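1. Kindly generate the corresponding structure for this input.
(one chain, ligands or ions: 1)
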Amino acid sequence: MKKKKKTQKPLTGQVRLARMADIFQIYKVIRENPKEVLPRSYQDLFRNFDRFLVYDEKEKIKGVISWQVLPGPIPDEDKALEVVSFSVRKRDQGRGIGSRLLNQMLKKLIKYHPDRILVLTFYPRFFKKFGFRRVSKKKLYSKIFLGCINCAKYPSPLNCPEVAMEIKLSPENKEEKKK
Ligand SMILES: CC(C)(COP(=O)(O)OP(=O)(O)OC[C@H]1O[C@@H](n2cnc3c(N)ncnc32)[C@H](O)[C@@H]1OP(=O)(O)O)[C@@H](O)C(=O)NCCC(=O)NCCS
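-> Residues are numbered from 1 along each chain as shown. Okay, here's the model as predicted:
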C-alpha cells in the first residue's frame, strides 16, 4: 500500500459478483501485489470464481476480494471465515476501492453467521477501521496453518510478519451487523 495520498479519481464503477469472463483479470490483479497476496492459479480461480467480488470500472477489474472457510477439528465449534485474495491494482490504490470491496464482503460474510471473520495482513490500520481487532496467531494456529499451507515464504505462520485480526460475532451483533 502506498503511503502518500495522491489526487483521487472519483469512483465511477461498481462492486459486483465476479463472472467467469473476469477470471483472467482477477488473476492479474492478484499478481500485482505479490508481497502481500498469495498468487492463485488459473485453475484454482476457475473453481472458486464465485467466491469473488470485484470492483469493475468501465469493464476493467481494478480490485478483487474473496473468502474461504477455515475449518476447525470439531464440527460446529468456532465457525471462522477468512478474507483472502484482497488486492487493488497498484495505480488505483488509495481511491477507496479497497474500502468498498471490504464493506461489501463483510456484509456478505455476516449472512453466513460465522463466529468470527479473520484476516492476515501487513496493514492492520486499514482493517481496524472496519472493526477488526488483533488476535494472537498462536490461538489460531491450527486454522491459519491450513490457510498458509500454500505459502513457501516462511517455515510456519508464526514466523510470518503478517498480523492476524478478527471480527468476533456474538449472536447479538450478528443481528446488529445485518441491519
Ligand atoms: C490494502 C488494499 C486492498 C486497500 O485498498 P485501497 O483501495 O488502496 O484502499 P482505500 O483506497 O479504500 O484506502 C483505505 C485506506 O488506505 C490508505 N491508502 C491506501 N492506499 C493509499 C494511497 N495510495 N494513498 C493514500 N492512502 C492510501 C488510506 O489511508 C485509506 O485510509 P482513509 O480511508 O483513512 O483515507 C490495497 O492497498 C492493496 O491492494 N494493497 C496491497 C495488497 C494487500 O495488502 N492486500 C491486503 C491483504 S490482507
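2. So what's the residue count around residue 144?
-> Residues near residue 144, counting by other Cβ atoms under 10 Å, number 23. (C-beta placed from N, C-alpha, C; glycine too.)
3. Secondary structure element for it, which one?
-> helix 141-148 (DSSP states H and E).
4. Quick check: buried residues in that helix?
-> 143-144, 146-148 (16 or more other Cβ atoms under 10 Å).
5. Of these, which is the nearest to residue 117?
-> Nearest to residue 117 out of the buried residues of helix 141-148 is residue 143 (Cβ to Cβ; 12.3 Å).
6. least confident pick among the buried residues of helix 141-148?
-> Among the buried residues of helix 141-148, residue 147 carries the lowest pLDDT, at 68.
7. May I see the buried residues of the longest strand belonging to the chain?
-> The longest strand of the chain (DSSP state E) is strand 60-70. Within strand 60-70, the residues that qualify as buried by neighbour count (16+ other Cβ under 10 Å) are 61-68, 70.
8. Leaving out the residues flanking it, which one is nearest to the one residue in the chain that gets nearest to the ligand?
-> The nearest approach of the chain to the ligand comes at residue 98, 1.9 Å away (Cβ to the nearest ligand atom). Leaving aside its chain neighbours, residue 98 sits nearest to residue 88 (5.0 Å; criterion: Cβ to Cβ, 6 or more residues apart in numbering).
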